[in-house]
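Peer 1: fold the stuff below for me.
(4 chains)
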2 protein chains.
Amino acid sequence: MSVTIRDVARASGVHISTVSRTFSAPHLVNPNTRSRVLACAEELGYRPNRAARALITGRTYNIGLIVADIANPFFPPLIKAAESQARKHDHHIFVADTNEDPALEEEVVRALAKQVDGVLICSPRMNNALIEQLSREVPLVVVNRQIAGIPAVVMDVAQGARLAVEHLTTRGHRNIALLSGPRGSWTSREIRRSATATARAGHAELTVIGPNPPTEVGGLTVAEDVLRAGASAVLAYNDLMAIGLIEGLLTAGARVPEDVSVVGIDDIMLSRLTRPKLTTVATPTAAAGRAAVDMLLAHGDDRRSTAHLHLQTELVIRDSTGPGPGPHSPADPGYVSVPGGVAS
Amino acid sequence: MSVTIRDVARASGVHISTVSRTFSAPHLVNPNTRSRVLACAEELGYRPNRAARALITGRTYNIGLIVADIANPFFPPLIKAAESQARKHDHHIFVADTNEDPALEEEVVRALAKQVDGVLICSPRMNNALIEQLSREVPLVVVNRQIAGIPAVVMDVAQGARLAVEHLTTRGHRNIALLSGPRGSWTSREIRRSATATARAGHAELTVIGPNPPTEVGGLTVAEDVLRAGASAVLAYNDLMAIGLIEGLLTAGARVPEDVSVVGIDDIMLSRLTRPKLTTVATPTAAAGRAAVDMLLAHGDDRRSTAHLHLQTELVIRDSTGPGPGPHSPADPGYVSVPGGVAS
DNA sequence: GACAGAGGTGCAACCGCTTGCATTAATTGT
DNA sequence: ACAATTAATGCAAGCGGTTGCACCTCTGTC
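Peer 2: Reported below is the predicted structural model:
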């Protein structure tokens, strides 16, 4: 049914090995022969079978991309960028969704291992030991997690959380709540660590609420807790939770930002469009997707490549944060307020 | 490096064919042998190489999924559902993003053809003839397009557009604008056809503006045109455009829905969260993703399976539509107004 | 006791392609 | 004029599996 290398060989009167070389080592075949073969291939619509080639070369030209939840708006830009970058290098992408389930992460990596050149694991929920073990079975690049010896692309959320909390403390907030993310999230731990330290430095109290599912509902359901804790400002694990929280706060009769200021993290498209527009920490997700693919393709075989790429984050101040009850810090924080318009 | 069927055969003292049968035809091997083989396989961590198997069986257990833009919020729920359904049947999914480029669609289908059991093309932009041709090279299921002889899953947007326009005309809107989608979109043509007929039946005038890119920016940039056309209500090709349009209208000083009513299509997550909350036509994207995968796997080989599955849409009335300048229709439309709360 | 049939396993070809090596023809050096 | 390169191609093994067929060993039957 499908046209194979033999069909092309027959049509052009050469041995299949010559056809093979025409595609994978053109300099070894006579220019005349080459063009004849190419003409026949073109006419027959021949495309090399990559799986067959992979069997012998060991290179599949496929990449696995594993995310916790495709429908979480944080991931699509990353997936899109990764796919685009991969195809630029003639690779295809398997996408798998683990539904925030660590066990499924392991299973999927193993299932994919044989048919990919490497796997990108985004925001993994499994533990480090398991990741290290898997990285011995298949080249791995991890996004949003730092593990010694495993190549990684991480967004500097610690810095982002620091900027966010400073933004709040300098504007007079003394009682800040932190909505943490899902259990097992490295990002969540980083945020917590950084936010705690920054709050202390700013003479503010930080109440941690969580862990929570990283969704709108996750934020919505803790609105009560936030009010009960008497916090005048909240930093949420991600924008989705922040938006859900705002929804919950408004429903409960609290005003945002007059009564409670809310800061998210990620700067997903949505945050520009809700009312009030969300103050948030912008993370370069598309850049991370591209970089992760590059990293995977770059150090192809030589393991031991243990590069860690850090990507800057920045605070985007919009309308969901306002002054708190405490005294303003005299020091002008100097952040640039980015208007929440439509991206170009 | 990787453990193969031969390693397992050696470890368990049987021929490779017995190992092979242990996995692909267990009833042919003695229960004792089978359990011994399975034990060895387990211990060695053996996983059959699917690419090698595919070479001889012709079944790859892979599916290609092609979308115009992963970052368009319409697609992620569909991708997620398709991936989940595919994995339920032990299949993996290649995702490709064509950036709304018809030529890229063709290229990607061809590139993927050899390593998948079938391809799902969502909202294709290429022409019917090309799709028919491709469907001769690889099993195809098309989402959101009807072509004779090609299995398809379509959302009944014509019905949705009718409901939307009736909603507007019965509330006194006599001058309605339609923001059409990208060139080549079957959905856009369907909407236009249905909206035109429904507007005429409701004694309203319909102005078509477009084609437009199916994005927020696409909606934003035509806000001026909408105002200039003097429309009191707008039906947009999708929610993203509707949201962009609202942004543009507000910026231009028009109130929504007091001055202009806006209806979107798709009911993406965003539409519940913008202010005003968007009235929109809900399309069952997740169901479509699942159904498309099922359809692809079901009629596996027997082509000629030309099933067309139609999925109902429904109007979700929220806060972006209000009464128009004309007289209300006495007839109660009887639509159920769904509050725009958070999904359960 | 010979034989048919069934159950269980091994053998070897093959899927589509790559690649080391052998073979042949053409070119170069001396 | 002849050996030594070099360029171009063919040959065949093999990547990791599957599968039709042959073979062997039991049972049960008459």
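
Peer 1: got a list of contacts for the top helix by length along chain A?
Peer 2: Longest helix of chain A, by residue count under DSSP state H: helix A:186-201. Residues from elsewhere that reach helix A:186-201 (CB atoms under 8 Å, 6 or more residues apart in numbering or on different chains): A:123-124, A:144-146, A:155, A:157-162, A:164-166, A:169, A:176, A:178, A:180-182, A:205-206, A:208, A:210-211, A:235, A:237, A:265. (Each C-beta comes from the backbone N, C-alpha and C, glycine too.)

Peer 1: which residues sit in contact with the residue of chain A most remote from its centre?
Peer 2: The outermost residue of chain A, judged against the average C-alpha position, is residue A:13 (50.3 Å), by CA atoms, centre = their mean. If you count contacts by CB under 8 Å, 6+ apart, residue A:13 has them with residue A:36.

Peer 1: roughly how far apart are it and chain B?
Peer 2: Applying CB to the nearest CB, to the nearest Å, the value for residue A:13 to chain B is 24 Å.

Peer 1: of all the residues in chain A, which ones are close to DNA strand D?
Peer 2: Residues of chain A lying near DNA strand D by CB under 7 Å from any atom of the strand: A:13-18, A:21, A:28-34, A:52, A:55-56.

Peer 1: of those residues, which belong to helices?
Peer 2: A:16-18, A:21, A:31-34, A:52, A:55-56.

Peer 1: can you redo those as CSV with neighbour count?
Peer 2: Conversion of those to CSV gives the following (neighbours: other CB atoms under 10 Å in any protein chain shown):
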residue, neighbour count
A:16, 14
A:17, 12
A:18, 20
A:21, 18
A:31, 9
A:32, 8
A:33, 16
A:34, 20
A:52, 17
A:55, 15
A:56, 7
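
Peer 1: in those, find the pair that's most separated.
Peer 2: A:32 and A:55 (30.8 Å; CB to CB).

Peer 1: strands of chain A, start to end?
Peer 2: With DSSP state E as the criterion, chain A has strands at A:62-67, A:92-97, A:118-122, A:140-143, A:152-155, A:175-179, A:205-209, A:233-236, A:261-266, A:279-282, A:308-311, A:314-316.

Peer 1: what's the closest of the ones you listed to DNA strand C?
Peer 2: Nearest of the strands of chain A to DNA strand C, taken as CB to the nearest atom of the strand: strand A:62-67 at 15.1 Å.

Peer 1: what lines up beside that closest one in the sheet?
Peer 2: When pairing is defined by DSSP bridges, strand A:62-67 lines up against strand A:92-97 (parallel), strand A:118-122 (parallel).

Peer 1: out of those strands, which one sits most buried?
Peer 2: Among the strands paired with strand A:62-67, ranked by average contacts under mean count of other CB atoms under 10 Å in any protein chain shown, first place goes to strand A:118-122 (a mean of 26).

Peer 1: relative to the whole chain's centre, how far out is that one?
Peer 2: On the basis of CA atoms, centre = their mean, to the nearest Å, strand A:118-122 is displaced by 10 Å from the centre of the chain it belongs to.

Peer 1: ok, stretch A:227-237 next?
Peer 2: Here the centre of stretch A:227-237 is set off from its chain's centre by 26 Å, with CA atoms, centre = their mean.

Peer 1: CA atoms only: put that stretch into CSV for me.
Peer 2: Output of stretch A:227-237 as CSV, limited to C-alpha atoms (Å, rounded to 0.1, in the frame of the first residue of the first chain):
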residue,chain,number,x,y,z
LEU,A,227,-11.1,36.4,55.0
ARG,A,228,-11.1,34.5,58.2
ALA,A,229,-7.3,34.8,58.4
GLY,A,230,-7.8,38.6,58.1
ALA,A,231,-5.3,39.0,55.3
SER,A,232,-5.3,42.2,53.4
ALA,A,233,-3.3,40.8,50.6
VAL,A,234,-2.9,37.4,48.9
LEU,A,235,-0.2,35.8,46.7
ALA,A,236,-1.6,32.8,44.9
TYR,A,237,0.4,29.9,43.4
